[in-house]
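K.L.:
Dropping the sequence and predicted coords here.
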Amino acid sequence: MARIHVEAERVIDASPKNVYAILADYQGRHQRILPPETFKDFHVEEGGQGEGTVMRFRVAAGGRERPYRMRVTEPDRGRKLVEEDTMSSLVTTFTVEPVSGGQASRVRIATDWQGGRGIGGFFERTFAPGTMRRIYEEELDRLVEETRD
């Protein structure tokens, strides 16, 4: 099985503290950056604020729908949030870095997982990265809007 990596990044005109607070708020503001046509039935099972949060949702993309149950850690609090799927090898990392003397933020969404084998794995490696990158670009667009509220 091949490792698949997808990422998107954007510089956002908002402080790293503000951006990170939005991303870490799974009970409220993080949900608002998720494209609703892609992320379905989002529910926080435990926590809701950064480390220790457990959430579940379904992702509808590429003509398929898949359930996820993610556990959140903060290996570098204030800078990095990691969501690990409890049912697969998928790991998504949100990284927030200061730019412009801390007046703006570079935000990166990166996901890694072990792809499937055979013809299904071929299609996954070929099409999933582009689909996910478009989803992440939309999340970043929505994050920009959320920082303006």
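P.N.:
Done, it's in. Note that the structure is a prediction, hence the values are computed from the model and not measured. Numbers count the residues shown, from 1 in each chain.
K.L.:
Would you state the helices of this protein in chain order?
P.N.:
Along the chain, the stretches classed as helices by DSSP state H are 16-24, 29-33, 118-148.
K.L.:
so which of the ones you listed gets nearest A8?
P.N.:
Evaluated over these, closeness to A8 peaks at helix 118-148, with 3.7 Å, by CB to CB. From N, CA and C alone the C-beta is placed, and that goes for glycine too.
K.L.:
for the record, mean pLDDT for the closest one?
P.N.:
Helix 118-148 carries an average pLDDT of 77.
K.L.:
circling back: now render the helices of the chain as JSON lines, adding mean neighbour count and distance to R58.
P.N.:
JSON lines is the format used below for the helices of the chain (neighbours: other CB atoms under 10 Å; distance: least, CB to CB, whole Å):
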{"stretch": "helix 16-24", "mean neighbour count": "20", "distance to R58": "20"}
{"stretch": "helix 29-33", "mean neighbour count": "18", "distance to R58": "14"}
{"stretch": "helix 118-148", "mean neighbour count": "15", "distance to R58": "13"}
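K.L.:
For these, please prepare a markdown table with the additional fields distance to V6.
P.N.:
Shown next, in a markdown table, are those (distance: least, CB to CB, whole Å):
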| stretch | distance to V6 |
| --- | --- |
| helix 16-24 | 18 |
| helix 29-33 | 17 |
| helix 118-148 | 4 |
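K.L.:
Please consider this matter closed, and thank you.
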